[in-house]
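# here is the input, now give the coordinates:
(one chain, ligands or ions: 1)
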Amino acid sequence: MTPEAQSLKAAEICRLAPVIPVLVIDDLAHARPLAEALVAGGLPALEVTLRTPQALAAIRAMAEVPGGVVGAGTLLTPADVKAAKAAGATFGVSPGATERLIAACEDEGLPLLPGAATASEIMALLERGYTVQKFFPAEQAGGAAYLRSIGSPLPQVGFCPTGGISLKIAPDYLALKNILCVGGSWVAPKEAMARGEWETVTRLAREAATLARGA
Ligand SMILES: O=C(O)C(=O)C[C@H](O)[C@H](O)COP(=O)(O)O
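Predicted structure coming up:
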């Protein structure tokens, strides 16, 4: 898969909804009902972070949920890319980007949302053909004001900012021309998941899905 095809596919996934839930799955039994609750609330694109031992099995279970588009987050190595693809992930997300990781995603045909946080990192990815990027950690790295400034010299890059974003501040990002969507974990609170309160997750997803996008 070429970088251009990767970016096209990443843009398509980012445009499915204003928010991509970032999910940390501690209990495999949560995977399916969580995906169902989020999709029912209007958030089809789901990022399962490879941060727990259950993550790959969770991706496998969630990939079977009708209407869901399940990706793997926290991709760090070519082995992660292979494992995510084998589990049924249809896209990948990484906090940063390395040449080995990018090449593995291109070889495996796994569309990647590579991470960047500085002008030079964004430019390096752009030079490599990646016009759709994750901005991480969004709030800590400068937030919406930073992305507005980056949009002046680099208007050709579309971002999915992630890290520290909440329902309250998501509109600041979504109003910007260079934002495709935002990522966030707030739609799947740990306590609600532990208690099996899936209707709470659907309600949070519905709120997030109706956020307006300026661009
Ligand atoms: O695991 C990854 O690939 C990451 O890059 C980290 C996540 O994007 C953040 O952990 C988002 O979580 P919140 O800040 O709680 O919304």
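# give the burial count for Gln156, as a bare number.
Per other Cβ atoms under 10 Å, the neighbour tally for Gln156 reads 9. Every residue, glycine included, has its C-beta placed from N, CA and C.
# not including adjacent chain positions, what is the nearest residue to it?
Thr131 (5.8 Å; Cβ to Cβ, 6 or more residues apart in numbering).
# what about the one you found, neighbour count?
When neighbours are defined as other Cβ under 10 Å, Thr131 has 17 of them.
# what's near enough to touch it?
Residues near Thr131 by Cβ atoms under 8 Å, 6 or more residues apart in numbering: 7, 11, 156-158.
# same thing with Pro153?
Ala119.
# what's the distance between it and Val182?
22 Å (Cβ to Cβ, to the nearest Å).
# can you check Thr52 too?
Distance of Thr52 to Val182, given as Cβ to Cβ: 23 Å.
# comparing those two, which residue is more hemmed in?
Higher neighbour count among Thr52 and Val182: Val182, with 29 against 17, using other Cβ under 10 Å.
# which residues of the protein fall in strands?
Per DSSP state E, the chain carries strands over the ranges 19-23, 45-49, 69-73, 91-93, 112-113, 115-116, 132-135, 158-161, 182-184.
# and those as JSON lines, adding distance to the ligand and mean pLDDT?
Listed next are the strands of the chain as JSON lines, based on distance: least, Cβ to the nearest ligand atom, whole Å; pLDDT from 0 to 100:
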{"stretch": "strand 19-23", "distance to the ligand": "4", "mean pLDDT": "98"}
{"stretch": "strand 45-49", "distance to the ligand": "4", "mean pLDDT": "98"}
{"stretch": "strand 69-73", "distance to the ligand": "4", "mean pLDDT": "98"}
{"stretch": "strand 91-93", "distance to the ligand": "5", "mean pLDDT": "98"}
{"stretch": "strand 112-113", "distance to the ligand": "9", "mean pLDDT": "98"}
{"stretch": "strand 115-116", "distance to the ligand": "6", "mean pLDDT": "98"}
{"stretch": "strand 132-135", "distance to the ligand": "7", "mean pLDDT": "98"}
{"stretch": "strand 158-161", "distance to the ligand": "9", "mean pLDDT": "98"}
{"stretch": "strand 182-184", "distance to the ligand": "4", "mean pLDDT": "98"}
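# most tightly packed of those?
strand 112-113 (a mean of 31; mean count of other Cβ atoms under 10 Å).
# other SSEs contacting it?
Secondary-structure packing of strand 112-113 (3 or more Cβ pairs under 8 Å, 6 or more residues apart in numbering; DSSP states H and E): helix 3-14, strand 91-93, helix 99-108, strand 132-135.
# wait, what's in contact with the residue nearest to Val65 when sequence neighbours are not counted?
Nearest non-adjacent residue to Val65, counting by Cβ to Cβ, 6+ apart: Ala35, 4.2 Å away. Applying Cβ under 8 Å, 6+ apart, we find Ala35 in contact with 46, 61-62, 65, 68, 70.
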